[in-house]
Every structure is written in C-alpha cells, then in structure tokens.
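Peer 1: need a structure here:
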Amino acid sequence: MTTPLFDDLQDILAEERSPDALKKGLAALAGAFRPRSSFAVVHDVAFDRLNVALARGRSDPRVKACSPGEGAIGRSFADKAQVVEKDGALVAVPMVARGEAVGVLAMVGGIFAQPTGPSADELALVQAIANACGAALDMGRTRAELERRTRELETANTRLSEGDRTRDALLSHISHELRTPLTTIKGYLAMGLKGRLGELSEKQLSVIGICDRNADRLLRLINDLLLTARLEAGQMTLDPKALGLRSVLQEAVQFLAGDAETARVELSVEAPEGEVFIRGNRDRLVEGFMHLLERGLRGRRDGEHITLTLLPSGRSASVQLLLSGIQLPPPSSLGSSRRSAPTAAPPASGSRSRGGSSSSTAATCGRSRIRRVCASPCSSRSSPAPSPPARWRGRRARARSSWSRTTTTAATASWSTSRPRASR
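Peer 2: Next comes the predicted model:
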C-alpha cells in the first residue's frame, strides 16, 4: 500500500489545477480505504464558508456547506484536527498548507466503519493525502492570484504606455503649433529691428529688442519640449562628430548675449591653451551650456562678470564657470571654507537667488544635458580605439554652481569631457 500511495501523492502535487488535484486525492482515498463516499470540502476565504467542492459516491447529510466550527466538518477545519464519529462511520481530516487549514477531506463508511475504528497509521495515511491536496490547493490559489495580478499589471502597463504616447503626441503637436506663429512674430521683429518697417525711435527699438529676446527665450522653451518628447520616445539620435569645445562655448554665449545685456552681466570665454577637440552633438552641447548659464542671468546683477574658462587636463577638458572671478573650493574643503570665507558660501538649502534657482538645480540640469550629448574623444591616430557610448566621458565629472544673493558670491561649475591625445 505504501508505494502506490507515494505515487498518488506525487501525482496530486504535480497537478497545476486544483480541481484535478482534489479529484486525484479522492481517487487515492477510494483505492486505499474503499469508503462508501468521499468529499473534498474547500474553504471560501471571501465568505468564510466551507463548501463541498467535489464528491465521490453517494451524498451524506452530515457533509454539507457549513461555517467553520459547525458540525464534524467545521470542527475539523477550525481545530485543524482529525474528527472520527461513530467508530469510523465518518472521518474528517483537515487539509493543511503552510500551517493553515484550507479545507477538509471527509470519508463515510468503508473499512473504517468497524467497531475498532481507524488505526493511528491509517489516519496518518489519510492525513498525508489531505496535506498533499491542501498543498496543491494552496499552489493553485497562489498561481491564480499571480495570474490575476499579472493581468492587472499588463493592463496598467498598457494604459501607462498609451498615456505616454498620448502625452508625447500632445507635446509634439503643441510645440509645433506654438512654433508656427512664433516664427511669424520673429520675422516681423527682425524686420522692425533692421528698419524695414519704417524709422523707429531709440525707445521703440529698445522695446522691440526686448520682445525679440523674449521670443528667443520662448523658442528655446519650445525646443526643450520637443527635445524632451524625442528623448522619452526614444527617437533622439545624437550623431556625434568632431568639434571644438571653445566654439561651442562661444556659440552658447552669443545666444545669451541679449539676456546678459538685460541682466547687466558680461559673459566671456577664455581658453588659455587653445581649442580642445571632442566628439559630440554640437546642438545638444550648446543647449546644455545655455541651460546652465541661463540660471545665472535671472534677475539684475549690475557689473558682474561670468567667465567660462576652458583648460585641458590630460585626455580631459575642464570647463570652469566663475562669477565675478570667485571660485568655490573643492567639495572636500567646502565645509571649512564656509566657516572661514563667508563670501564664497553657497546659499542655504532650498533658497533661491534673485529670479534664479538654487545651485543644485543649476548644476544638475546643466550636467545632465551635457552628459547626454558628449561622445568619444577625437583621435588623430590611424587606428583609433572603439568609440565608447555617446555620453559624458569624464569619470570624475563634477558640477558645482552657486548663484548667490550677493554680487561677490562665487558660482562654479566644472565637469570633464574626453579630448584627443596629441598626435605623434
């Protein structure tokens, strides 16, 4: 009896569907103990009710739907104990999985309906079958719950994807719709500044110039919307090429000349050791530097000077951003410097300068944009190394900037980018 029963237990546990596992459990009971009737009673967690899920043989009034603790079936489930009535005429054994009762196996009549009743070994065999059925039932419930949650996640993911596509399409549509009238506005403003619409007074030219600069700023915001939509849609292609970093900085400064004039700030680019060549996307690099510089131009800073200094460092290039010639110390000595040199201290956390953003925002936004568009070094050798990914190459890239409320507070941003070796 032992070997066939062991095979039956394996078959029960191998079933993926709970009804099939219970059916094999009742078949194992019928083959081993030949009861007149056998039943599989399952606990409904939602209603806290025991229901007859499967029956083999004739019905019996003692085995029916009931609550936990009601009748022999309910007591067996509630106490997680074997219940034997009238010398084996009814045997109820709980199905236990992970220490909790999930149902009851019940038998009526058979070899147990004797004056002596079932022996301890026989009850142990019935309990083994019941536990196998309980494990299969618990695995079936877990599998069904997992499948249900998987379907819910797939549905939610589909909705999120549709929402992303709708948002990207909306951003792209709005951006294009905004650029169309803005192009016309820019055209008429340019004609007015060039005197093609008639003679204008100095005050009128000044007002038109302000409108033109604000139109440029609005155009940059629209371009940022388009860039964000392309990046999130995975449609951005960088196409890195060899370029000079000093010319990139000069182009960014030229674009912001009007904003600098409004803020009464002088922008300049210095490259004491000449041009530094890298590989990257010129347009995206210019946007990144402009995004960083714009935060220092918000508000009025009469007489201040912002300098971008380009310095080579081995295979890397360092770009330092200084406000009024004052540079913040390295991060390792920043704490002591705050106590000894108050004029070089950045603003407190969460504070904002006049019309500008906090230092962490400026550094993070500028650095994240530049890292996206910088690529591998431009080498003059005949067998260059494989091009690394199009991203910012400096392993120790740092961005530190601070725009203070006072005119003497320093603003520094430094980062690294790959540059070519000197040709041999």
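Peer 1: Contacts for stretch 257-271 next, please.
Peer 2: Residues from elsewhere that reach stretch 257-271 (Cβ atoms under 8 Å, 6 or more residues apart in numbering): 209-210, 212-213, 216-217, 246, 249-250, 253, 256, 293-294, 296-311. Where you see a C-beta, it was placed from the backbone N, CA and C, and this is true even at glycine.
Peer 1: Need the buried ones from these selected in ChimeraX.
Peer 2: Provided next is the ChimeraX selection string for whichever of the contacts of stretch 257-271 are buried by 16 or more other Cβ atoms under 10 Å:
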select :209,212,213,216,246,249,250,253,256,293,294,296,297,298,301,304,306,307,308,309,310
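Peer 1: quick one: average confidence on stretch 179-195?
Peer 2: For stretch 179-195, mean pLDDT rounds to 88.
Peer 1: Against residue 221, how distant is residue 227?
Peer 2: 11 Å (Cβ to Cβ, to the nearest Å).
Peer 1: can you check residue 145 too?
Peer 2: Counting by Cβ to Cβ, the gap from residue 145 to residue 221 is 48 Å.
Peer 1: chain center to the helix or strand that contains residue 52: distance?
Peer 2: Residue 52 is located in strand 49-57, with elements delineated by DSSP states H and E. Counting by Cα atoms, centre = their mean, to the nearest Å, strand 49-57 is centred 47 Å from the centre of its parent chain.
Peer 1: tell me which residues in it are buried?
Peer 2: Here strand 49-57 shows 50, 52-57 as buried, counting by 16+ other Cβ under 10 Å.
Peer 1: What mean pLDDT does the helix or strand harbouring residue 27 get?
Peer 2: Here residue 27, judged by DSSP H and E, is contained in helix 18-33. Helix 18-33 shows a mean pLDDT of 90.
Peer 1: by contact count, what packs against it?
Peer 2: With contacts defined as 3 or more Cβ pairs under 8 Å, 6 or more residues apart in numbering; DSSP states H and E, helix 18-33 has these neighbours: helix 2-14, strand 37-44, strand 49-57, strand 100-108, helix 120-193.
Peer 1: And the ones you listed, which one averages the lowest pLDDT?
Peer 2: When the helices and strands packed on helix 18-33 are ranked by mean pLDDT, helix 2-14 comes last with a mean of 78.
Peer 1: Which other helices and strands does it contact?
Peer 2: helix 18-33, helix 120-193.
Peer 1: Tell me what angle the longest one forms with strand 49-57.
Peer 2: Pointing back at helix 120-193 there. 130 degrees (axes from the mean of the first three to the mean of the last three Cα atoms, to 10 degrees).
Peer 1: what element comes up after helix 120-193 heading to the C-terminus?
Peer 2: Downstream of helix 120-193, the first helix or strand assigned by DSSP H and E is helix 202-233.
Peer 1: Can you list the buried residues in that following helix?
Peer 2: By 16+ other Cβ under 10 Å, the buried positions in helix 202-233 come out as 208-209, 211-213, 215-216, 219-220, 222, 225-227, 229.
Peer 1: Ok, stretch 120-138 next?
Peer 2: 122-123, 125-138.
Peer 1: ok so, going back, quick one: list the elements packing against the strand holding residue 52.
Peer 2: Using 3+ Cβ pairs under 8 Å, 6+ apart: strand 49-57 touches helix 18-33, strand 37-44, helix 71-79, strand 100-108.
Peer 1: how about a cut-off of 6 Å?
Peer 2: strand 37-44 (3 or more Cβ pairs under 6 Å, 6 or more residues apart in numbering; DSSP states H and E).
Peer 1: Parallel or antiparallel, list what pairs with the strand it packs on.
Peer 2: Here strand 37-44 has these sheet partners by DSSP bridges: strand 49-57 (antiparallel), strand 100-108 (antiparallel).
Peer 1: Next, work out how far apart the closest residue to residue 21 other than its chain neighbours and residue 63 are.
Peer 2: Of all residues not flanking residue 21 in the chain, residue 136 sits nearest, at 3.4 Å (Cβ to Cβ, 6 or more residues apart in numbering). Look at residue 136 and residue 63: by Cβ to Cβ, they are 21 Å apart.
Peer 1: Over to residue 237?
Peer 2: Using Cβ to Cβ, we find residue 237 at a distance of 71 Å from residue 63.
Peer 1: got a pLDDT number for residue 314?
Peer 2: 73.
Peer 1: How many residues are close by it?
Peer 2: Here the number of neighbours of residue 314 (other Cβ atoms under 10 Å) works out to 8.
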